[in-house]
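Q: Give me a model of this one.
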Amino acid sequence: MQPQNTHTPVIGYLLWLFGFTGAHRFYYGKPISGTIYFFTLGLFFIGWLIDLLLIPSMDRDADLRFTSGPIDYNLTWILLTFLGLFGVHRMYMGKWLTGILYLLTGGLLGIGYIYDYWTLNDQLSQLNT
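A: As a prediction, this is how the structure comes out:
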């Protein structure tokens, strides 16, 4: 199967800078280890440093796993990471009602924001099919 280039190492490394929060692992579709990184500061910073070498392989795996299409994964992840509490990523995906709801409630008090970290790649794959 040919990779679809849904994710990019540049965004992966940018999120790796915040990797002790698990951001890069969520980006590459690894929500369980992302959550573990979040609660353990990147496995006490050791896993975070090791991931510096693992990002290229995580990028290849994500490119094979997720479906490309008109909605860009990279832009959506940047919007979620930096403006997610305001629902901007949801508005970009065409989910205007929940986007406005996030805007008015701070990402449903942060719970919706965390939910989107867990499920954004799958949401995008469904929208892109």
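
Q: residues in contact with the residue nearest the centre of the chain?
A: Closest to where the C-alpha atoms of the chain average out (CA atoms, centre = their mean) is Y27, at 3.1 Å. Y27 sits next to 7, 11-12, 15, 62, 77 when contact means CB atoms under 8 Å, 6 or more residues apart in numbering. Any C-beta I mention is one placed from the backbone N, CA and C, and that applies to glycine too.

Q: min pLDDT across these, which one?
A: The lowest pLDDT within these belongs to L15, with 93.

Q: G34 versus that residue, what's the distance?
A: 10 Å (CB to CB, to the nearest Å).

Q: now swap in G112 and tell me
A: Counting by CB to CB - G112 and G34 are separated by 17 Å.

Q: next one: the helix or strand in which G34 is found to chain centre, how far?
A: Using DSSP states H and E, G34 falls within helix 31-44. Counting by CA atoms, centre = their mean, to the nearest Å, helix 31-44 is centred 14 Å from the centre of its parent chain.

Q: so what does that helix touch, helix or strand wise?
A: helix 23-27, helix 46-65, helix 111-127 (3 or more CB pairs under 8 Å, 6 or more residues apart in numbering; DSSP states H and E).

Q: any idea which of the ones you listed is most buried?
A: Comparing those by mean neighbour count (mean count of other CB atoms under 10 Å), helix 23-27 ranks first with a mean of 27.

Q: For it, list the C-alpha coordinates in PDB.
A: Output of helix 23-27 as PDB, limited to C-alpha atoms (Å, rounded to 0.1, in the frame of the first residue of the first chain):
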ATOM      1  CA  ALA A  23       1.100  15.800  22.000                       C
ATOM      2  CA  HIS A  24       3.200  14.100  19.200                       C
ATOM      3  CA  ARG A  25       1.900  10.700  20.200                       C
ATOM      4  CA  PHE A  26      -1.700  11.900  19.900                       C
ATOM      5  CA  TYR A  27      -0.800  13.400  16.500                       C
END
